[in-house]
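Student: 3D, please:
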Amino acid sequence: MAWEHIMRLSRTASTTAFVAGFLLAGAPAGAEERFVTVLPGESPGTLVVTVTGNKSPSVWIDGEATPARFESAGNGAVRAVISDLPSGSSLLGTGSGKPVAAIPLRAARPEEAPFNDRVVYHIMLGYFANGTPANDRAGMRRWIHRRYAGGDLQGVLPKADYLGALGITDVWLSPVFQSETSHGYDVQNYYRIGDSRAVPGDPDASLNLFRELARTLGDAGVGIILDLPLDYGAGTYDRRAGDPNRLKPRSTKARQEAEKVWESWGTGFKYWNMRDEDTREFLREVALHWAREEGVSGFRMDYVRGVDHAFWAEIYRELKAERPDLFVFGEAWQDAHGPGTNMGDIAKYYEPVDDIGPQFDSLIEFPMKIVMTDVFARDGDARQLERWLQSTEQAYRGHGHPIYFIDSHDMSRFSDWAVDRSDERLLAAVTFMATLRGPMILFYGTETGLAGGKAAAGFDDSGRIPMPWDALNEDLIQRMTAVINMKRDLPVLQRGARWPLLADANAVVMARANDTTIALVAVNTSTESRTVEFQSPAPGALWAARLDGPVPVSGTDTGMLSWTLPALATVVAVAQ
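Tutor: So this is what the prediction gives:
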């Protein structure tokens, strides 16, 4: 167990020195309590934690209230000593009446989190690379983005070596199907590659091109994840060629508020009637076809809020029965709301459905994206990082593993939010994201610092811009590649336990650990270097830097570490 491993290394640690004394101000509604520090005690099976936000806190182990000895830690914080910690304990929580914040006490086993090593590169096809002008705008009779650049599968094909060199595991392609728009979400035929994406008027040649791309990417160690919108299709859906099993799917008008907004935009969508069993089977068969016949590595399910939970559990069960290795993640986002509302909504899609099972392997983690942008790009309070990691850990309760991201096709790019020194801020954010427990997404162009224009909250498609192949930031790409390789090389970052050690307005320090490795992660969002001191989770250990960063050294007191952090940076060190 990761926690037991740290405890073995820390028997000599003094429990009298703690990093406490700050309050996590501005916590999410209903979630004011937070862990300040979590450290092993001197005796086996003992934890010593510091909690802020409640003078009479309760602590919980795997959802059960746990006895603890409480004492003041000063500055409004409370120290709790937990004895006789059961072996295999997974989740440590704090909260009055019920836990509202939590941290993972042990590393996830590979079979519990098989996709946490994934680094997914999201390509919006129309903007990535134009392989041939012969298909530009082919079949597009409706909306075309002002910055559409003719990108297609032919353009992705010669970039396979570039993608492989980045170290990514998968490419998530925006919808490749026949459609009438540049975005492709208005699918006219789930079984046909779109004319503007491949070979106009030749479905067989287009499918062969897709297969060639899959083989070429596969040779570079990269799989293909399809973007699959199953809530809706085009009003002009091809009900002959697009329904090979003659299931005759039914559709309805817009029902949800979001759908009504899209309808007001003139999208031309028709929404699949999920009350009709043949329609549900039709949609399940679509996904099974691409998994079974074309061997894709996974699916990104678009706008999962438009479909009932039972359907997602049904399709997940069928896909996993066919291909247990498929990575299935979804998008649950309310663009007009902040991280708290989105966290609560996402949590519903992590909950297993009675008598069916799980719905997804991962969900796209909008709450932490919003928080990371505020902290790293806009000089927000760095304590938000710790605060929201603990909030989401409790909300999701280990039912799934968030897939983290910093840029998206539906949101302003990070670099457009940056108040200054955008490349440094971006690299710090992506490095921090890479140290989190779960898979991650890199939007095309983020690795080169691509910016789209004026930043805006909520839905914003300004980040859909042509990839600047003639003006790449090679230095930043090299640094991003090193971050990706670190993520893939260190299982402790993928699945390790996580414990807070320090957080203040512009610094965060945390430990990650598994059976064999302990890593320290430190963030400095200040524009100047600074030195932080905190209690070591492994007293006496020597530390080696990753990514050529500085290492912590012995502090002024026994058991303490001192770490001088560069400005606008996230640094990582591993115990030797």
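
Student: element containing the spatially closest residue to Glu263 that is not a sequence neighbour?
Tutor: What sits nearest to Glu263 in space, not counting adjacent residues and going by C-beta to C-beta, 6 or more residues apart in numbering, is Ala254, at 4.4 Å. Placement of C-beta: from N, CA and C, glycine included. Using DSSP states H and E, Ala254 sits within no helix or strand.

Student: wait, Ala254 touches Lys270, no?
Tutor: No - with contacts counted by C-beta atoms under 8 Å, Ala254 stays clear of Lys270, the gap being 9.2 Å.

Student: quick one, domains of this structure?
Tutor: 2-107+496-575, 119-248+296-493 (automatic domain parsing).

Student: could you measure from the residue nearest to Glu263 over to Tyr190?
Tutor: Going from Ala254 to Tyr190 by C-beta to C-beta, to the nearest Å gives 20 Å.

Student: which of those two has more neighbours?
Tutor: Tyr190 (25 against 18; other C-beta atoms under 10 Å).

Student: specify the local secondary structure of Lys159.
Tutor: Following DSSP: H, G, I helix; E, B strand; the rest coil, the label given to Lys159 is helix.

Student: just the pLDDT for it.
Tutor: pLDDT for Lys159: 98.

Student: who's in contact with the residue nearest to it when sequence neighbours are not counted?
Tutor: Ranked by C-beta to C-beta, 6+ apart and with sequence neighbours excluded, the top spatial neighbour of Lys159 is Ala129, at 5.8 Å. Taking C-beta atoms under 8 Å, 6 or more residues apart in numbering as the criterion, Ala129 is in contact with Gly151, Asp152, Gly155, Val156, Pro158, Lys159, Met467, Trp469.

Student: tell me the buried residues in stretch 391-402?
Tutor: Using 16 or more other C-beta atoms under 10 Å as the test for burial, stretch 391-402 gives Ser391, Thr392, Glu393, Gln394, Ala395, Tyr396, Arg397, Gly398, Gly400, His401, Pro402.

Student: correct me if wrong, but the fourth one is in a strand.
Tutor: No - going by three-state DSSP, the assignment for Gln394 is helix, not a strand.

Student: you'd agree it is up against Val100?
Tutor: Yes - contact criterion C-beta under 8 Å: Gln394 and Val100 qualify, at 6.1 Å.

Student: contact partners for Arg397?
Tutor: So Arg397 contacts Gly63, Leu91, Ala102, Ala347, Tyr350 (C-beta under 8 Å, 6+ apart).

Student: from these, which would you call buried?
Tutor: Buried among the contacts of Arg397 by 16+ other C-beta under 10 Å: Leu91, Ala102, Ala347, Tyr350.

Student: the third one - that's part of a strand, no?
Tutor: No - inclusion of Ala347 in a strand is not indicated when three-state DSSP is applied; the result is helix.

Student: how about it: what's its closest non-neighbour residue?
Tutor: Ala347 sits nearest to Ala395 (C-beta to C-beta, 6+ apart), 4.4 Å away.

Student: same question for Ser562.
Tutor: Excluding the flanking residues, the one nearest Ser562 by C-beta to C-beta, 6+ apart is Gly555, at 4.2 Å.

Student: how many residues are close by the one you found?
Tutor: Counted with other C-beta under 10 Å, the neighbours of Gly555 add up to 18.

Student: what are the buried residues along stretch 154-170?
Tutor: Quick answer for stretch 154-170 (16+ other C-beta under 10 Å): Gln154, Gly155, Val156, Lys159, Ala160, Leu163, Gly164, Leu166, Gly167, Ile168, Thr169, Asp170.

Student: in contact with the third one, which residues?
Tutor: Going back to what we said before, that points to Val156. By C-beta under 8 Å, 6+ apart, the contact list for Val156 reads Ile123, Leu125, Phe128, Ala129, Gly131, Val171, Leu173, Leu213.

Student: now, those that are in helices?
Tutor: Cross-referencing those against helices under DSSP state H gives Leu125, Phe128, Leu213.

Student: now do Ile6, the pLDDT please.
Tutor: 43.

Student: show me where pLDDT drops low in this structure?
Tutor: For the chain, residues meeting the criterion pLDDT under 70 lie at 1-31.

Student: tell me which element the most centrally placed residue in the chain falls in.
Tutor: For the chain, the residue nearest the mean C-alpha position is Tyr404 (1.5 Å; C-alpha atoms, centre = their mean). Counting by DSSP H and E, the element that carries Tyr404 is strand 404-405.

Student: which helices and strands sit right next to that strand?
Tutor: For strand 404-405, the packing partners by 3 or more C-beta pairs under 8 Å, 6 or more residues apart in numbering; DSSP states H and E come out as helix 366-372, strand 440-443.
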